[in-house]
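Enquirer: Build me a model from this:
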Amino acid sequence: MLRQWKKVSAAETPGAYCQQILTNIFLSFARKRGYQETPVNVFVPEEVDPWESIDTELSVAKALATLSPLERAVVIGRYIDDLPVAQIASMLGKSEAWVRVSAHRSLQKLNSLDSTAEKAGEANA
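Expert: Sure, this is the predicted structure:
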């Protein structure tokens with residue numbers, strides 16, 4: 001900036017001009033350094049079994065199907081997509097308190113389904 005001080009001082013907002021110079025220098029440095037980085041010990045499995053967790057996925061899908069569409073949206077947004085309560089509330093047009101209560105009640109429903117399935121499995125065994 002000292003080498004180009006005449007340009008800097010002639011600018012309408014010298015502070016913003018200096019900020020832009022510093023930002024460009026930082027980004028240039030970050031880009032150059034990024035090419036030197038290489039991943040270490042990357043594990044790539046030889047075979048992947050797409051059916052390994054199919055039973056779990058099907059049971060989760062069946063359990064989610066028992067919920068109402070709004071309850072399902074809350075559970076998926078909250079626990080699968082990991083969205084904050086405020087964002088889910090704004091997406092659904094509800095209050096944050098409603099989203100928290102709905103998430104709690106939906107989880108209770110899912111847990112009760114899981115416990116009744118376990119009891120039915122024990123009775124059949």
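Enquirer: got the CA coordinates for the worst-scoring helix or strand of the chain on mean pLDDT in CSV?
Expert: Every helix and strand in the chain was compared by mean pLDDT, DSSP states H and E; the lowest is helix 14-34, with a mean of 76. The C-alpha coordinates for helix 14-34 follow below in CSV (Å, rounded to 0.1, in the frame of the first residue of the first chain):
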residue,chain,number,x,y,z
PRO,A,14,-9.1,4.9,1.3
GLY,A,15,-10.1,2.6,4.1
ALA,A,16,-12.2,0.4,1.8
TYR,A,17,-9.4,0.5,-0.9
CYS,A,18,-6.9,-0.8,1.7
GLN,A,19,-9.4,-3.4,2.9
GLN,A,20,-9.7,-4.7,-0.7
ILE,A,21,-6.0,-4.8,-1.2
LEU,A,22,-5.5,-6.8,2.0
THR,A,23,-8.4,-9.2,1.0
ASN,A,24,-6.9,-9.8,-2.4
ILE,A,25,-3.4,-10.5,-1.0
PHE,A,26,-4.9,-13.0,1.5
LEU,A,27,-7.0,-14.7,-1.2
SER,A,28,-4.0,-14.9,-3.4
PHE,A,29,-1.9,-16.5,-0.7
ALA,A,30,-4.7,-18.9,0.3
ARG,A,31,-5.1,-20.1,-3.3
LYS,A,32,-1.4,-20.7,-3.8
ARG,A,33,-1.1,-22.7,-0.5
GLY,A,34,-4.2,-24.8,-1.4
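Enquirer: The closest residue to residue 71 other than its chain neighbours and residue 16: what is the separation?
Expert: With sequence-adjacent residues excluded and distances taken as CB to CB, 6 or more residues apart in numbering, residue 71 is closest to residue 106, at 4.3 Å. No exception for glycine: its C-beta is placed from N, CA and C like everyone else's. Residue 106 is 49 Å from residue 16, where distance means CB to CB, to the nearest Å.
Enquirer: Check residue 66 too.
Expert: 57 Å.
Enquirer: before we move on, what about residue 60?
Expert: Residue 60 is 52 Å from residue 16, where distance means CB to CB.
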